[in-house]
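Participant: From the sequence below, what's the structure:
(chains A and B)
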Amino acid sequence: MARIGVFVCHCGENISATVDCGKVAQVTSDIPGVVVSVDYKYMCSDPGQTMIKEYIEKEKLTGVVVAACSPRMHEPTFRRACGEAGLNPFLCEMANVREHCSWVHDKNDVTTDKAIDIVRTLVEKVKRNEPLMPIKVPVTKTALVIGGGVAGIQSALDIANCGHKVIMVEKDPSIGGHMSQLSETFPTLDCSQCILTPRMVEVAQHPNITLYTYAEVESLDGFIGNFKVKIRKKAKSLDEKLCTGCGLCCTKCPVKNIPSEFDQGLSNRRAIYVPFPQAVPNKPVIDKEHCTYYIKGKCKVCEIVCPTKAIRFDQEDEIIEVEVGALVLATGFDIKRANFFPEYGYGKYKDVIDGLQFERIASASGPTLGEIRRPSDGQIPKKIVFLACAGSRDPAKGIEYCSKICCMYTAKHAILYKHKVHDGTAYIFYMDIRAAGKNYDEFTRRAIEEDGAKYIRGRVSRIYERDGKLIVVGADTLMNAKTVEIEADMVVLATAGIASPGAEELAQKLHVSYDQHKFFAEAHPKLKPVETNTAGIFLAGACQNVKDIPESVAQASGAAVKVCGLFSNDELTRDPSVAVVNRTAPPLFSTCVGCFLCQSVCPYQAIEKEEIKSRDGKILKTIAFINPSVCQGCGTCVALCRSKSIDILGYTHKQVYAEVDALLNTL
Amino acid sequence: MKLGFYPGCSLEGMSREYSDSVVALAKRFDIELVQIPDWNCCGATAAHNLNKELSLSLPARNLALAEKEGFTDVVVPCAACYSRFSTTHHELMHNHDLRHKINEVMEMEYKGTINTLNVIQFIDKYIIDKIEEKIVNKFNYKAACYYGCLLVRPNKVLEFDRTEDPQTMDVVMRKIGADSIDWAFKTECCGAGLSVSATNTVARLSGKIVDDAEHRGAEVIIVACPMCHSNLDMRRSEINKYLGKKVTTPILYITQALGLAVGISEKELGFNRHFVPVNLPKKAETVQKEEVKTQKVEVE
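Facilitator: Residues are numbered from 1 along each chain as shown, chains lettered A, B, ... in the order given. Below is the predicted model of the structure:
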């Protein structure tokens, strides 16, 4: 006979404000099989848990129902407590009387009655619960890091330095990401490349890191600890072992007018190219879309000049398959461009540029070798206008969020400009100055007080060109919204940060959830900021939300520690709620008739055929077998099985029907 | 073909030439514009500042009348009327309770089948594809297309063209041979209803518009709104005073420009009703019939 204990939690006032918890305890104590029913202010507190443990021992309970919050947060808490008292943890269930009852209803008798009904259903379920043991699965101690920007680099190095293998996949020909494009970094003004390139080299040379550049993830199978990943290595048209990186091919290629991605279109590159001089690996790739040989079938100048004969025009994409235990997504972000700002003439006027372009202009390795010269005619701009919030915080443009980095980098741009153009004037239109961070506000004050940047609080309605000047029309909201017109030589738009173009597709491939702006979603906004909803896949950097360098690096290290934590076990324990095909005595063996409809719908390829043989090896029956280490317990096969031969452990037909019967009073 | 037509107050009064040119142009393409019987004021700027229900009931009655008459497309040339019609349709279609209430107020039912067209949409839907074969005088002038505020805003309601850098008028004008210029004041405010109460403000706002168009070499400014026209045209003496110079760039309704191109007389198009004289230089090359034929062959 079942001996069930019911423990009703007040959750402070969260539940007791609308539900009469005392009455719930009193009424449910009369349910057959319930031997104890008590209420308490905070059941999840230490005294609350101790009370449950004491009752388990004193009353020899065979099952526990905790009527409290949703199982998402505290089911593990109470199951652990039950386990410590010697009760199988899976004999403990949560009755959700908070989210499903007290929070959504007013205080009255009906609300209390509903809470009682919820408890009643769980009591009937627990009566039918069986003890379950967690499933153990092995762990492949190799991590896959997708994206080779600063976040990916940090994660990869941290994991590799803990002694684990790392595979890094980068879609571009070089690692380095956006940080390698930046000139100097706020708030210290240290050179971006100077601090990043040593880390890039470290990745390439680390014995624990395998680097695949010009490669993309094709597909992902498996589950935490045991992922199988297909990686497409795009053809570089190059034998990397032979190539010495001498660069001769890149100087002889006759196709010279391809806008450089690295320089944001401010300079040109060839069809065979290394994105930038400090690239890692420092070996070229052929851009097949623009290469004359791939378009017209002849040229091959690079092949002719190559001293080591490393060019391979017949190279094809290669797909490799790797096994990894965990993934770190560090695919970064992009910025809004072109057609998005017709009112600012962006894309129409050459001297209206975005923040990344200004970074290239200010960078010593950029197209102007660090001199501030405008793109149209190479003149030094004497009046420059910066627009913070170009697109960000603008619901009319579909981007409600703050891009977070623009206030700081705009201040940095103004400082860099003043350091290089002493007689120039920098104007900054802003909505608010958001400089929350260590030494951040001091930095923006420095821009204003020491470097004389003229901050104007207000938005710009239009930019147009007139007689060679860019007329910036805006409002100064601290001057009674007076219209301000500035005749500028150059305008820099701090355009909104957005998810990188392939983010949505990648998220779908990896079964990772993402928000309406296509940024990858963390599992919990506060307590699980680096986890995703898919176990074993972690987030680092701006793929989750636009972030600056310190934040990206911090999160990357956080993700790395999660991976290392996972790898510190030889085996993982998994929730035993998996599907099983029932087995009975011969001659039936199972109610499964072997139709294998289940096999065709299983999204995880967990279902195989099992032959039941007699002692002399004769096949007596073929039934379905569900591999418990692959099954994710989704229940699709259960719903489809025509003979009701499959059950999810912990949620069997018997248990679920008992819950329904309890509600309908038909038990 | 018959289409519904709502002239509103402006087209019956100070902008009669707009009405005349729309009707004449439609007629040239065998389209009869039939006025909504017993139409009333759209409410324009006054009603929605005072009473929301009134501001919706006034256009809703016109829409309901048009529906009753069996129209699906109603041409509303005035940008303010077009805005009120579109806003009303949008609000009533997105709020069932409100529609019920407004139906009760006007003691008629509006089901929501009317498609309100501004003049550009009308041209785009019924005229543009057939215009090339009817052109007799190419309109080969440098034209600044001025959209103003209400024609393209708010985008959420109208879903017409790009709010900040609209293009539809430019496309139409290029079809008839114009060199539509890229300029900065396409959607800037002309001063609108302040024309009477704060003429100085109108002179300043409209002055900037006219000045930029002239500065960029526009020979004519093209509009599709009676309010824009009267501010840029009727207030020209105040504008000139503000600018400190005499700007002679004429303001034409887009239907007048199209009318000229297809050979409708200046008188029929109401050029004599403008304050700024329309003296376009006679460089319009007359398209030869044979040329049209050869073009046709090429197309085929």
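
Participant: Do you have the helices of the stretch 201-300 of chain B handy? List them.
Facilitator: B:226-229, B:236-243, B:254-261, B:289-299 (DSSP state H, counting those that start in this stretch).

Participant: Can you mark which positions in stretch A:325-342 are buried?
Facilitator: Using 16 or more other Cβ atoms under 10 Å in any protein chain shown as the test for burial, stretch A:325-342 gives A:325-337, A:340-342. For glycine as for every other residue, the C-beta is placed from the backbone atoms N, C-alpha and C.

Participant: now, which of these lie close to chain B?
Facilitator: Filtering the buried residues of stretch A:325-342 for proximity to chain B by Cβ under 8 Å from any Cβ of the partner chain leaves A:Phe341, A:Pro342.

Participant: B:Asp161 contacts B:Val172, doesn't it?
Facilitator: No - the pair B:Asp161 / B:Val172 is not scored as a contact, 11.5 Å apart, by Cβ atoms under 8 Å.

Participant: Among those two, which residue is more densely surrounded?
Facilitator: Comparing B:Asp161 with B:Val172 by other Cβ atoms under 10 Å in any protein chain shown, the one with more neighbours is B:Val172, at 24 against 21.

Participant: Can you tell me how far the more buried one is from chain A?
Facilitator: According to Cβ to the nearest Cβ, to the nearest Å, B:Val172 stands 19 Å off from chain A.

Participant: so that residue is in which element?
Facilitator: helix B:168-175 (DSSP states H and E).

Participant: buried sites along that helix?
Facilitator: B:Thr168, B:Met169, B:Asp170, B:Val171, B:Val172, B:Met173, B:Lys175.

Participant: before we move on, what about stretch B:268-282?
Facilitator: In stretch B:268-282, counting by 16+ other Cβ under 10 Å, buried: B:Glu268, B:Leu269, B:Gly270, B:Phe271, B:His274, B:Val276, B:Val278, B:Leu280.

Participant: Identify, from these, the entry nearest to chain A.
Facilitator: B:Val276 (23.2 Å; Cβ to the nearest Cβ).

Participant: For that closest one, give its distance to B:Leu269.
Facilitator: For B:Val276, the distance to B:Leu269 (Cβ to Cβ, to the nearest Å) stands at 15 Å.

Participant: Quick one: residues in contact with the host helix or strand of A:Ile295.
Facilitator: In the assignment (DSSP H and E), A:Ile295 maps to helix A:292-296. Applying Cβ atoms under 8 Å, 6 or more residues apart in numbering or on different chains, the contact partners of helix A:292-296 are A:Pro254, A:Val255, A:Ala271, A:Ile286, A:Lys288, A:Lys298, A:Cys299, A:Lys300, A:Phe313.

Participant: Quick check: next helix or strand after it?
Facilitator: For helix A:292-296, the following helix or strand on the C-terminal side (DSSP H and E) is helix A:301-305.

Participant: Could you pull out the buried residues of that next one?
Facilitator: Applying a neighbour-count criterion of 16+ other Cβ under 10 Å, one finds A:Val301, A:Cys302, A:Glu303 buried in helix A:301-305.

Participant: Could you break the chain into its assigned domains?
Facilitator: By default, I'm working from chain A. According to automatic domain parsing, chain A is divided into the following domains: A:4-134, A:142-234+A:317-332+A:500-571, A:248-305, A:335-498, A:579-648.

Participant: looking at chain B here, not the other one
Facilitator: According to automatic domain parsing, the domains of chain B span B:2-119, B:134-295.

Participant: Need the CA coordinates for the helix holding A:Ile295. PDB is fine.
Facilitator: Output in PDB follows, covering the C-alpha atoms of helix A:292-296 (Å, rounded to 0.1, in the frame of the first residue of the first chain):
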ATOM      1  CA  THR A 292      39.100  34.600 -63.900                       C
ATOM      2  CA  TYR A 293      40.000  30.900 -64.200                       C
ATOM      3  CA  TYR A 294      36.800  29.800 -62.500                       C
ATOM      4  CA  ILE A 295      34.700  32.200 -64.600                       C
ATOM      5  CA  LYS A 296      36.300  31.900 -68.000                       C
END
